[in-house]
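> I'll drop the sequence and a predicted model, then ask my questions.
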Amino acid sequence: MDRARQPRWQSLAAEPEFRALLRSRRRFVVPATIFFIAYYLALLITAGFWPRLMSRPLLGPLTVAYCFALSQFAMAWLLLALYLYRARQFDLAAARIRRREMRETLEPQ
Amino acid sequence: MTAQPSLVMFAVFVGITLVVTYWASGRSRTSRGYYTADRRIGGLQNGWAIAGDYVSAAAFLGITGLVAFYGFDGFMYSVGWLVAYLAVLFLVAEPLRNTGKYTLADLMSFRLRGRGVRAIAALSTLVITLFYLIAQMVGVAALVNLLLPRFTDVVAIASVGILMLVYVLFGGMLATTWVQIIKAGLLLVTAISLSILAVRHFDFSLGQFFSAAASVSTSAGTSNLLQPGLLFHGPMGAWNLVSLGLALVLGTAGLPHILIRFFTVPSAKAARTSVAWAMVLVGIFYLTTSFMGLGAATLVGKEHIGPRMYAGQAIAYIARHPVQQSALDAQLKSKGYIVPKPDSNLAAPLLASQLGGPLLAAFVAAVAFATILAVVAGLTLTASSAFAHDIWFSLVRGGRSDETEQIFVARSAALAVGALAIALSIVLRGFNVAFLVGLAFAVAASANVPVILLALAWRRFSRFGAIAGMLSGLVSSLALIALSPVVLGNHAIFPLENPGIVSIPAGFIGALLGTLLARDRDSEAMFDQLQVRATTGLGAEV
């Protein structure tokens, strides 16, 4: 890429459309990350420190601990589905910003 | 065991993958083709390849055995290794594709320019991949001893090493990718079939299946396989579990051989799609470890699974003279070797032979070898790209070298890494090196992940902070492992088997303190560009 034709990174970063995209991405990713780490840590901590409590049968022979472990799979797949759904909007916004920027850098200033 | 059918099946796998390599060889003549398969792998294909790269023999044979012996506690590995992909999905995959070219160091040194960050990042990649590589290749020796006792482990290590080099040297990333895809397919079919066969034994009643598992007698008479505490018990048990779990869940987002797979797809969107497919495939596989492991515990019986794993001729000797085991233990101990724990790696092949006879067992053994082969090929390619692209091209030549030289250096580096791994694995084959996989995850989580996250999210983050963070994560995880029970046994100074709970915070604190010591205006100025690129994909490598 020609140096002069580089996208204008600094001004792009300040544009409202980009800030909005960044914010909406963060509004999903930060809580989702905190949630999955907390949910996973909860399993480690309860199974590690309260094994007796977690050893009680819950579903037939399955213990509370084993059900909690299996629920981690459901949690992971659910968050994946949610993210894939939200990411379609991120993609659209990113594509808009890209298209506009390409047009402007290609035209003579 | 069933050596001949197993060898024939493995030979078929090798034959097919060699044809793929021949086909791929024409397309890996440029460095872009060699490192990234010209970024033309689709999201679905890359998802399968990530699964093939990620699920090692340690997972297939190791976790199945751990679940067979320790039930719930063994299954905790499976849970951690799946949940870990959420960190890859949310935090790393798309920004990495948008800002990097060939290696993990590209992302880190995108705005933290200069030699220091790239050099340390390349060093950490080389350390992680070499540990992982040795753990896998020593696993070949163990597997040969267990499954094909008529072959010597040196020959087996050397042949696996040479095959992996053939894939990487001649077929580059394209061949390596397809080897991983084929292997992932084989492994998933095997794991699902074994699980279905195990549940079929109980007339497809999950209630009966788990009830039978709950009634298997365990080492701790009071608790059963579905209850926590069989592996992680004693005063440090809970801390061991938490520390290991942290390293597993964060480490994946810093594993170089997984992360470079995102450079093989055309866009950030395809990177996301590939994590999605990988999470589906890897998740299904890790669910089956429960059925394979508990199935082995109930249908085969633990007392039939647990011969000890010895190197070289010892296993055959013990098989002939079982009463000599304690004498051999004492002899090993007196020579300074670590006496191996009862080995559970046979659970999956034994379950297969119980459920489907010798042919199925042979198939499982062949799949286990294919698994190792695909993983080591990916690792060798990763190490060679870190050396050739980061150290040679960027540091030694300052970014000025032509295509012919780059591809030559990349291939030579692969050859050197492969030869080093073969030699080290042959030397170390008598030792129990399973802890190296845990260590690789701990180093990845402590040295790489803090720096990746801070580089992407913190404007103030500086070059000095990145170097301090990577070094403190790397050194603390290596030092704590050296002082831990897995190396020092009863004389351990650090009480936990995995250093994660200390070394991951150490990595973050090092990065934080290093940054607060001095401002780095150049890196701050680049932050806007990084953020725009990472989020929108503007200017991404094509």
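Received it, and whenever you're ready, just let me know what you need.
> below-threshold pLDDT in the chain: ranges please.
Chain wasn't specified; assuming chain A. Residue ranges of chain A with pLDDT under 70: A:1-5, A:106-109.
> think we crossed wires, I meant chain B
Those would be B:1-3, B:145-147, B:149-150, B:218-222, B:302-344, B:432, B:434, if you go by pLDDT under 70 across chain B.
> for it, which residue gets nearest to chain A?
In chain B, the residue that lies nearest chain A is residue B:238 (3.0 Å; C-beta to the nearest C-beta). In this view, the C-beta of every residue, glycine as well, is placed from N, C-alpha and C.
> tell me the first helix or strand C-terminal of the longest helix along chain B.
For chain B, the longest helix by residue count, based on DSSP state H, is helix B:153-200. Downstream of helix B:153-200, the next assigned helix or strand under DSSP states H and E is helix B:206-214.
> show me the contacts for the residue most central in space within chain A.
Centroid-nearest residue in chain A, with C-alpha atoms, centre = their mean: residue A:29, separated by 3.5 Å. Neighbour list for residue A:29: B:90, B:91 [criterion: C-beta atoms under 8 Å, 6 or more residues apart in numbering or on different chains].
> same thing but at 7 Å, please
The contact partners of residue A:29, taken as C-beta atoms under 7 Å, 6 or more residues apart in numbering or on different chains, are residue B:90.
> around chain A, pick out the residues from the stretch 1-150 of chain B.
When proximity is defined as C-beta under 7 Å from any C-beta of the partner chain, the stretch 1-150 of chain B approaches chain A at B:72, B:75, B:79, B:82, B:83, B:86, B:89, B:90, B:91.
> any chance of these in a markdown table, plus neighbour count?
Below are the residues of the stretch 1-150 of chain B next to chain A laid out as a markdown table (neighbours: other C-beta atoms under 10 Å in any protein chain shown):
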| residue | neighbour count |
| --- | --- |
| B:72 | 29 |
| B:75 | 26 |
| B:79 | 29 |
| B:82 | 26 |
| B:83 | 26 |
| B:86 | 26 |
| B:89 | 27 |
| B:90 | 21 |
| B:91 | 20 |
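> in the stretch 251-400 of chain B, which spans are helices?
B:256-259, B:268-295, B:314-320, B:325-334, B:347-385 (DSSP state H, counting those that start in this stretch).
> can you say which of those is nearest to residue A:96?
Distance to residue A:96, taken as C-beta to C-beta, is lowest for helix B:268-295 among the helices of the stretch 251-400 of chain B, at 14.4 Å.
> what's the angle from the closest one to helix B:347-385?
150 degrees (axes from the mean of the first three to the mean of the last three C-alpha atoms, to 10 degrees).
> how far off helix B:153-200 does helix B:268-295 point, in degrees?
Orientation check (the same axes, to 10 degrees): helix B:268-295 against helix B:153-200 gives 80 degrees.
> now helix B:268-295: buried residues?
Residues of helix B:268-295 classed as buried by neighbour count (16 or more other C-beta atoms under 10 Å in any protein chain shown): B:268-279, B:281-295.
> and chain A, which of these reach it?
Answer for the buried residues of helix B:268-295 near chain A (C-beta under 7 Å from any C-beta): B:269, B:272, B:276, B:279, B:283, B:287.
> show me what contacts the third one?
With contacts defined as C-beta under 7 Å, 6+ apart, residue B:276 is in contact with A:80, A:84, B:47.
> tally up the residues packed near the nearest residue to residue B:507 once chain neighbours are set aside, please.
Closest residue to residue B:507 apart from its sequence neighbours, by C-beta to C-beta, 6 or more residues apart in numbering or on different chains: residue B:473 at 2.9 Å. Using other C-beta atoms under 10 Å in any protein chain shown, residue B:473 has 32 neighbouring residues.
> contacting residues for residue B:473?
B:446, B:447, B:450, B:503, B:506, B:507, B:510.
> what helix or strand is it located in?
Secondary structure (DSSP H and E) places residue B:473 in helix B:463-482.
> so which strand or helix has residue 83?
In the absence of a named chain, this looks at chain A. Going by DSSP H and E, residue A:83 is in helix A:64-106.
> chain B is the one I meant
helix B:72-87.
> by contact count, what packs against that helix?
The contact analysis (3 or more C-beta pairs under 7 Å, 6 or more residues apart in numbering or on different chains; DSSP states H and E) places helix B:72-87 against helix A:16-49, helix A:64-106, helix B:64-70, helix B:237-251, helix B:268-295.
> nearest to residue B:489, out of those?
For the helices and strands packed on helix B:72-87, proximity to residue B:489 was assessed by C-beta to C-beta; helix B:237-251 is nearest, at 15.1 Å.
> what angle do that closest one and helix B:463-482 make?
Here the directions of helix B:237-251 and helix B:463-482 differ by 140 degrees (the same axes, to 10 degrees).
> quick check: buried residues in helix B:237-251?
Neighbour-count burial for helix B:237-251 flags B:237-251 (criterion: 16+ other C-beta under 10 Å).
> show me what that helix is packed against.
Under the contact criterion of 3+ C-beta pairs under 7 Å, 6+ apart, helix B:237-251 touches helix A:16-49, helix B:72-87, helix B:435-443, helix B:500-517.
> as TSV, these with distance to residue A:100 would be great.
Converted to TSV, the helices and strands packed on helix B:237-251 look like this (distance: least, C-beta to C-beta, whole Å):
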stretch	distance to residue A:100
helix A:16-49	8
helix B:72-87	32
helix B:435-443	42
helix B:500-517	34
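> what's near enough to touch the residue of chain A found nearest chain B?
Taking C-beta to the nearest C-beta as the measure, chain A has residue A:48 as its residue closest to chain B, at 3.0 Å. Counting by C-beta under 7 Å, 6+ apart, residue A:48 touches B:232, B:237, B:238, B:241, B:242.
> any chance of these in JSON lines, plus distance to residue B:493?
Below are the contacts of residue A:48 laid out as JSON lines (distance: C-beta to C-beta, whole Å):
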{"residue": "B:232", "distance to residue B:493": "20"}
{"residue": "B:237", "distance to residue B:493": "19"}
{"residue": "B:238", "distance to residue B:493": "20"}
{"residue": "B:241", "distance to residue B:493": "21"}
{"residue": "B:242", "distance to residue B:493": "20"}
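> in these, find the pair that's most separated.
Within those, B:237 and B:242 form the most distant pair, 9.8 Å apart (C-beta to C-beta).
> just how off-centre is the longest helix of chain B within its chain?
Mean C-alpha position of helix B:153-200 versus that of the full chain (C-alpha atoms, centre = their mean, to the nearest Å) differs by 13 Å.
> go on, stretch B:112-129?
With C-alpha atoms, centre = their mean, you get 19 Å for stretch B:112-129.
> quick one, the strand or helix carrying residue B:407 and helix B:347-385 angle?
In this structure, residue B:407 sits in helix B:403-428 according to DSSP H and E. Per the same axes, to 10 degrees, the angle that helix B:403-428 makes with helix B:347-385 is 140 degrees.
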